[in-house]
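> return atomic coordinates for the entry below.
(chains A and B)
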Amino acid sequence: MAAPMRRTLVALHRATCSSLKNAEASLDLRHPVPLYVPVRTKKRYFVPPAAGLKRKQQEDPEAAARAAGLVFRQQYFERPINISCTAGIFDPYVPPEGDARLSSLSKEGLKQRTEQLRQSAASQLAIRKIKEHDPQFTSRGFAERAREIFIEAHGALTRFDKEKLHSLVTERGYPEMTRGNRYKTISWRFIESLEPPKVVHARCPDMVTKGNLYGQVTVRMHSKQILAIYDRFGRLMLGSEEQPKDVLEYLVVERHLVNPYGRWRLHGKIVPSWAPAKDPIIKTVMIPGPELKPGQEFEALNYEVPKPKAVQWNK
Amino acid sequence: MAFIRNVSGVLHSRLPVLGPQQLSCLHTSTSLESKTWERRNLKMYPPQQLDDVRRPAEVHHSRRQIKYSKDKMWYLAKMIRGMSIDEAIAQLEFNDKKGAKIMKEVLEEAQEMAVKNHNVEYKSNLYVAESYSGKGKYLKRIRYHGKGMFGIMDRVNCHYFVKLVEGSPPKTEEKTSFDQAKEYVQNLKNRTIIHSL
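Below is the predicted model of the structure:
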């Protein structure tokens, strides 16, 4: 009687406790039912990469391409060197402070002018060397020629006449003149010259070998010009069409003397350390603020915008 | 062979030369490698006079071959059409779709480009004028079905194009339903009978 009763009890128990978890049912000690809990292996959600890939990863793609018959052209690691112009301005001219502040008619102005005329010995030597290669070189005539080259080069820049620009400006000066100007309209006019241009400095460096001479002459120019730059959409970015500005410039003109087909071309400009600040552009620009530590606040009242150092640089 | 050559020669001489009017009907399609959208950034305008209205700056930017579906990208592109750029970036940042993250990067790149290269003064003063997605190059794979049947599976890629214009976003006039109904009734009333007595 006990065994069949127990069997039915077990069946009932199983039926009623079917919703219960196995652990709870097994803990019922009154009916020690033999535990049969089906346990399956844990599903592998992560499949190791070796199982999925069909081909080995150590294959050499270059060897496979060569075997297939693909031929790669030989790569030449060359860097082009330009020998028609030098890479910079050697021994740049340091313009004296207060230049063009005094008029030539006053006593101090005359003194300045006479000092400038008697240049240093190195410049005289350089001019003599240039005269050996170019017998028609004169200081006065050359200054006028330099001004003409300057005017023509800037005229070509407004029209963006690449060929003419390359013949009037050296390869080093060309990117400095034209960077960022491709999609802008530049309108430039030369109104008049306030003082006659003057040769102020000359140097004759030789590159690599001893006889390979390049002549670099610095010309001082004081003139009135009009400059207006428009952006891609025709809106005024800098300057104005009506207001002329007085400009004091130190142009560096260069020529490869040893080359019989060499021409005097604009090489760069020297901007003195005491030059006045340029006009700001017609646009508000964000200046990056100081680096703050976490928790530090920006004090706008005590903050001074850092100004760059007044150093002479070559343009 | 000579006969055929002669016939073709005669045909060529007989064929009329297409004038400009006929040529305009021909569809000159662009090839797959043309990047027309980026070339719109290179268009130059002549300088403006002082009394002219200031022309708003336009920046075109795109990203090619994004690993996403063009139909799914369209929903996001349609969402940000006409929004100001700050609003668009904010909405995309908190959107759960995969394309939203990519679109946000594209918008931020375009904003930086506008300030750096296209003389835009304030980076917030931009709005999304045009934004749409296009089909990129698809890779085709085989999708195996039962009973030896197969289908061609497309691994989809899309392009995303956006045009930012300087200024505040244009206000769209919202028409109420009453206004629309009034317009409809007015249209009905305007009907006349022509050539009547």
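> CA atoms only: put stretch A:225-236 into PDB for me.
The C-alpha trace of stretch A:225-236 is given here as PDB (Å, rounded to 0.1, in the frame of the first residue of the first chain):
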ATOM      1  CA  GLN A 225      49.300 101.500 -53.100                       C
ATOM      2  CA  ILE A 226      45.600 100.400 -53.000                       C
ATOM      3  CA  LEU A 227      44.800  96.800 -52.100                       C
ATOM      4  CA  ALA A 228      41.400  95.200 -51.800                       C
ATOM      5  CA  ILE A 229      41.000  91.400 -51.300                       C
ATOM      6  CA  TYR A 230      37.600  89.800 -52.000                       C
ATOM      7  CA  ASP A 231      36.800  86.200 -50.900                       C
ATOM      8  CA  ARG A 232      35.200  83.500 -53.100                       C
ATOM      9  CA  PHE A 233      31.800  85.100 -52.900                       C
ATOM     10  CA  GLY A 234      32.900  88.600 -53.800                       C
ATOM     11  CA  ARG A 235      32.700  90.000 -50.300                       C
ATOM     12  CA  LEU A 236      35.400  92.400 -49.100                       C
END
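> which positions within that stretch qualify as buried?
A:Q225, A:I226, A:L227, A:A228, A:I229, A:Y230, A:D231, A:R232, A:F233, A:G234, A:R235, A:L236 (16 or more other Cβ atoms under 10 Å in any protein chain shown). Every C-beta, even on glycine, is put in place using the N, C-alpha and C of the backbone.
> keep only the residues you listed that also lie close to chain B.
Among the buried residues of stretch A:225-236, the ones lying near chain B by Cβ under 8 Å from any Cβ of the partner chain are A:A228, A:Y230, A:D231, A:R232, A:F233, A:G234, A:R235, A:L236.
> remind me which residues of chain A are low pLDDT?
Within chain A, the stretches with pLDDT under 70 are A:1-34, A:46-58, A:100-119, A:315.
> ok, the most centrally placed residue in it to A:L168 distance?
Chain A has A:R179 as the residue nearest its centroid, 9.2 Å off, counting by Cα atoms, centre = their mean. The gap separating A:R179 from A:L168 is 17 Å, by Cβ to Cβ, to the nearest Å.
> in chain B, which spans are helices?
B:2-14, B:20-23, B:36-39, B:70-80, B:85-93, B:98-117, B:177-189 (DSSP state H).
> in a markdown table: these, plus distance to chain A, mean pLDDT and mean neighbour count.
Shown next, in a markdown table, are these (distance: least, Cβ to the nearest Cβ, whole Å; pLDDT from 0 to 100; neighbours: other Cβ atoms under 10 Å in any protein chain shown):
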| stretch | distance to chain A | mean pLDDT | mean neighbour count |
| --- | --- | --- | --- |
| helix B:2-14 | 38 | 49 | 9 |
| helix B:20-23 | 31 | 60 | 8 |
| helix B:36-39 | 12 | 95 | 12 |
| helix B:70-80 | 24 | 97 | 18 |
| helix B:85-93 | 16 | 97 | 17 |
| helix B:98-117 | 8 | 96 | 18 |
| helix B:177-189 | 37 | 96 | 9 |
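> nearest to B:R54, of these?
helix B:98-117 (15.5 Å; Cβ to Cβ).
> contacts only, for the residue nearest to A:S240 when sequence neighbours are not counted.
Leaving aside its sequence neighbours, A:S240 sits nearest to A:A228 (Cβ to Cβ, 6 or more residues apart in numbering or on different chains; 5.9 Å). Listed by Cβ atoms under 8 Å, 6 or more residues apart in numbering or on different chains, the contact set of A:A228 reads A:I186, A:S187, A:W188, A:L236, A:L238, A:G239, A:S240, A:E241, B:P47.
> what is the second one paired to in the beta sheet?
A:S187 has the following beta-bridge partners by DSSP bridges: A:A228.
> my guess is it meets B:P46, correct?
No. In this structure, A:S187 is not within contact of B:P46 by Cβ atoms under 8 Å, at 10.9 Å.
> which of the two has more residues huddled nearby?
A:S187 (14 against 9; other Cβ atoms under 10 Å in any protein chain shown).
> show me what contacts that one?
A:T158, A:I226, A:L227, A:A228, A:I229, A:Y230, A:E241, B:P47.
> so can I have CSV of those showing distance to A:T284?
Below are these laid out as CSV (distance: Cβ to Cβ, whole Å):
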residue, distance to A:T284
A:T158, 27
A:I226, 25
A:L227, 21
A:A228, 20
A:I229, 17
A:Y230, 18
A:E241, 22
B:P47, 22
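> for those residues, which one is nearest B:S124?
Nearest to B:S124 among those, with distances taken as Cβ to Cβ, is A:Y230, at 24.1 Å.
> quick one: the closest one and B:M44 touch, right?
No. If you go by Cβ under 8 Å, A:Y230 and B:M44 don't touch, sitting 9.6 Å apart.
> please enumerate the shared neighbours of these two.
Between them, A:Y230 and B:M44 share these contacting residues under Cβ under 8 Å, 6+ apart: A:T185.
> still on that earlier bit, now the contacts of A:A228: which count as buried?
Applying 16+ other Cβ under 10 Å to those flags A:I186, A:L236, A:L238, A:G239, B:P47 as buried.
> just the closest of these to A:G98, please.
Among the buried ones among the contacts of A:A228, A:G239 lies closest to A:G98 (Cβ to Cβ), at 26.2 Å.
> that closest one touches A:L227, doesn't it?
Yes. In terms of Cβ under 8 Å, A:G239 counts as a neighbour of A:L227; the distance is 4.4 Å.
> so what sits against both of these two?
A:K245.
> nearest to B:Y138 among the helices of chain B would be which one?
helix B:70-80 (10.0 Å).
> from the contact counts, what lies against that closest one?
Judged by 3 or more Cβ pairs under 8 Å, 6 or more residues apart in numbering or on different chains; DSSP states H and E, helix B:70-80 is in contact with helix B:85-93, helix B:98-117, strand B:126-135, strand B:158-166.
> for A:K210, find the nearest of these.
Going by Cβ to Cβ, the one of these nearest A:K210 is helix B:98-117, 46.3 Å.
> what's in contact with that closest one?
Outside helix B:98-117, the residues that touch it by Cβ under 8 Å, 6+ apart are B:57, B:59, B:61-63, B:66, B:68, B:72-73, B:76-77, B:80, B:85, B:88-89, B:92-93, B:120, B:123, B:126, B:128, B:160, B:162, B:164, B:166.
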